[in-house]
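Pasted the sequence and its predicted model underneath.
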Amino acid sequence: MTSIDPNAAPVPAAPGTDDAAPAPAPGVRPRAVLDALPRYAAGRPATVVEGLQSFKLSSNENPLPPIPAVLDAIRDTTAINRYPDAVSTRLRERLATYLEVPAEDIVTGGGSLGALNQVLATYAGQNDFGAPDEVVYAWRSFEAYPISVGLSGATSVRVPLLPDGRHDLAAMAAAVTENTRVVLLCTPNNPTGPILTHDEVVDFLGRVPSHVVVVLDEAYLEFVRDPAAVDGLALYRAYPNLVLLRTFSKAHGLAGLRVGYTVAQPVITENLRVSAVPFAVSSLAETAAITSLDHLDEVLARVDSLVAERDRVVAALTEQGWDLPQAEGNFVWLRLGERCGDFAAAAERQALSVRRFGDEGVRVSIGEVDANTRFIDLCRSFGA
């Protein structure tokens, strides 16, 4: 028979009972850096408004589903009881053929953000004396940057964008110090939209020490139509410190499957493979990505339709008097300042979800044709 110690601490009640929940365990605390990090704010679904179809224009998602061949391929995938290939060999070999690069120069990750986190885990954190490394990037840019940098143990060095929403590359080069380990360049810049040109990136790389890793984030590459845009593949071949960051989330419409990758020379990839998360790309996701590449003409035809819609939106808003930054992604940026909240509320009343960034601006994704038309009408009634 088991005896009961009357002096023993009470056992916490099981979940779902009427007894009070136990207090948090003393001494269990998260890392101090968490208090200093912003919280990632995912785009919210649109509010339901009676009589109106709701449209989500807040997450830069492809509004079109994957091409039919992809849906057929993943429908037939059954071996999900087995672990996937840890290094996504089939996908890397297919990408190598498509990009005309060695498969060894490609490292996959869970979306482009997962691939970026692998870069930061490899090259940014704390130096040998415990001081934080520095990561330089433009701001505002992709909102996950400060979170990923902070969690890596490094310090963010944010360089303000130019008034037209472009990177201030001269100021970014000047911000590089002996503590800088990584620089992040986002083209087209999310959320503002402008691209980096080939010539200005070449000039920038010439100003940055060769031991500093420069990441070219090309998540929206397939939507770019500016002929002056940077040619990342050409530069990766010329600069051993350059890393290209790409994804299947946007153009290919595979955001929910999380497939991203980096392209870099072996001096970098041999280290990235050490920090790469095993099994980050599932077998289902790998099959979807390969199938999408095998039917690239269909994918790019859909991208062309979205670019046409983007151009229609930009033309309409420009005619209304809106002063828009260059839009080369699948979104537009409204520099609304203190009117951001009013615009977001007005969009919500029209069953449109948009992405507000404080009082800086509102980013609106290019969505379905009807959604884009309603957005154009909203901008007309709101006023530039």
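Ah, there it is.

contacts, neighbours, all on C-alpha from now
Fine.

what's the neighbour count on Glu222?
When neighbours are counted by other CA atoms under 10 Å, Glu222 registers 18.

which SS state does it fall under?
helix (DSSP: H, G, I helix; E, B strand; the rest coil).

can you pull the contacts of it?
The contact partners of Glu222, taken as CA atoms under 8 Å, 6 or more residues apart in numbering, are 251, 300, 303.

Correct me if wrong: the last one contacts Gly253.
Looking back up the chat, that one is Val303. No - checked against CA atoms under 8 Å, the pair Val303 and Gly253 is beyond contact range at 9.8 Å.

residues in contact with stretch 45-65?
With CA under 8 Å, 6+ apart as the test, stretch 45-65 has contacts from 42-44, 249-253, 255, 302, 330-331, 348-355, 363-368, 371.

Would you mind giving the contacts of Glu222 as JSON lines with secondary structure, pLDDT and distance to Phe204 added?
Below are these laid out as JSON lines (DSSP: H, G, I helix; E, B strand; the rest coil; pLDDT from 0 to 100; distance: CA to CA, whole Å):
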{"residue": "Ala251", "secondary structure": "coil", "pLDDT": "98", "distance to Phe204": "28"}
{"residue": "Leu300", "secondary structure": "helix", "pLDDT": "98", "distance to Phe204": "30"}
{"residue": "Val303", "secondary structure": "helix", "pLDDT": "98", "distance to Phe204": "30"}
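
Which among the residues you listed count as buried?
251, 303 (16 or more other CA atoms under 10 Å).

With distance to Ser210 added, can I get the contacts of Glu222 in TSV?
Shown next, in TSV, are the contacts of Glu222 (distance: CA to CA, whole Å):
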residue	distance to Ser210
Ala251	32
Leu300	35
Val303	35
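
For ChimeraX, write a command that selects the buried ones of the contacts of stretch 45-65.
Per 16+ other CA under 10 Å, the buried members of those correspond to this ChimeraX selection:
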select :43,249,250,251,252,253,255,302,330,331,348,350,351,352,353,354,355,363,364,365,366,367,368,371
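
Now intersect the contacts of stretch 45-65 with the helices, please.
Under the assignment DSSP state H, these contribute 302, 348-349, 371 to helices.

from those, which single one is nearest Gly337?
Glu348 (18.1 Å; CA to CA).

Any figure for the gap between the closest one and Glu360?
18 Å (CA to CA, to the nearest Å).

same question, Ala46
Ala46 is 21 Å from Glu360, where distance means CA to CA.

Could you pull up the residues touching Cys186?
With contact taken as CA under 8 Å, 6+ apart, Cys186 is in contact with 141-142, 195, 216-218.

count of residues packed around the residue nearest to Ala42 when sequence neighbours are not counted?
In this structure, Ala42 finds its nearest non-sequential neighbour in Ser59, 7.0 Å apart by CA to CA, 6 or more residues apart in numbering. The criterion is other CA under 10 Å. On that basis, Ser59 has 19 neighbouring residues.

Would you agree Ser59 falls within a strand?
No - read with three-state DSSP, Ser59 is coil and lies in no strand.

number of nearby residues for Val178?
You called it Val, but residue 178 is Glu. Neighbours of Glu178 using other CA under 10 Å come to 9.

Also Glu338?
12.

Find the nearest non-adjacent residue to it, please.
In this structure, Glu338 finds its nearest non-sequential neighbour in Asp359, 5.1 Å apart by CA to CA, 6+ apart.

which stretches of the protein form strands?
55-56, 106-109, 134-139, 155-160, 180-186, 213-217, 242-247, 260-263, 331-334, 352-353, 355-357, 361-365 (DSSP state E).

got the end-to-end distance for stretch 232-252?
Terminal residues of stretch 232-252 lie 19 Å apart, using CA to CA.

for stretch 94-106, same thing?
Stretch 94-106 has an end-to-end distance of 11 Å (criterion: CA to CA).

pLDDT averaged over it - what is it?
Across stretch 94-106, pLDDT averages out at 98.

Show me how far it is from its chain's centre.
Remark: stretch 94-106 is offset 22 Å from the chain centroid, using CA atoms, centre = their mean, to the nearest Å.

Next, work out how far apart Val176 and Arg82 are.
Going from Val176 to Arg82 by CA to CA gives 45 Å.

wait, I meant Ala285
From Ala285 across to Arg82, the span is 14 Å (CA to CA).

neighbour-wise, which of those two wins?
More crowded of Ala285 and Arg82, by other CA under 10 Å: Ala285, with 23 against 9.

Verify the contact between the more buried one and Leu257 for me.
Yes - between Ala285 and Leu257 a contact is recorded at 5.4 Å, counting by CA under 8 Å.

ok so, going back, what two of the contacts of Cys186 are the furthest from one another?
The most widely separated members of those, counting by CA to CA, are Phe142 and Ile195 (13.8 Å).

Name the residues contacting each of the two.
186, 189.

Please identify which of those two sits among more neighbours.
Remark: of Phe142 and Ile195, Ile195 carries more neighbours, 28 against 17, as counted by other CA under 10 Å.

So that one is in contact with Asp231, correct?
No - between Ile195 and Asp231 there is no contact under CA under 8 Å: 11.1 Å.

Report the separation between the closest residue to Val201 other than its chain neighbours and Ala69.
Spatially, and ignoring its direct neighbours in sequence, Val201 is nearest to Val230 (6.9 Å; CA to CA, 6+ apart). Using CA to CA, we find Val230 at a distance of 31 Å from Ala69.

quick one, which of these two is more surrounded?
The residue with more neighbours, out of Val230 and Ala69, is Val230; 22 against 15, by other CA under 10 Å.

Great, nothing more from me.
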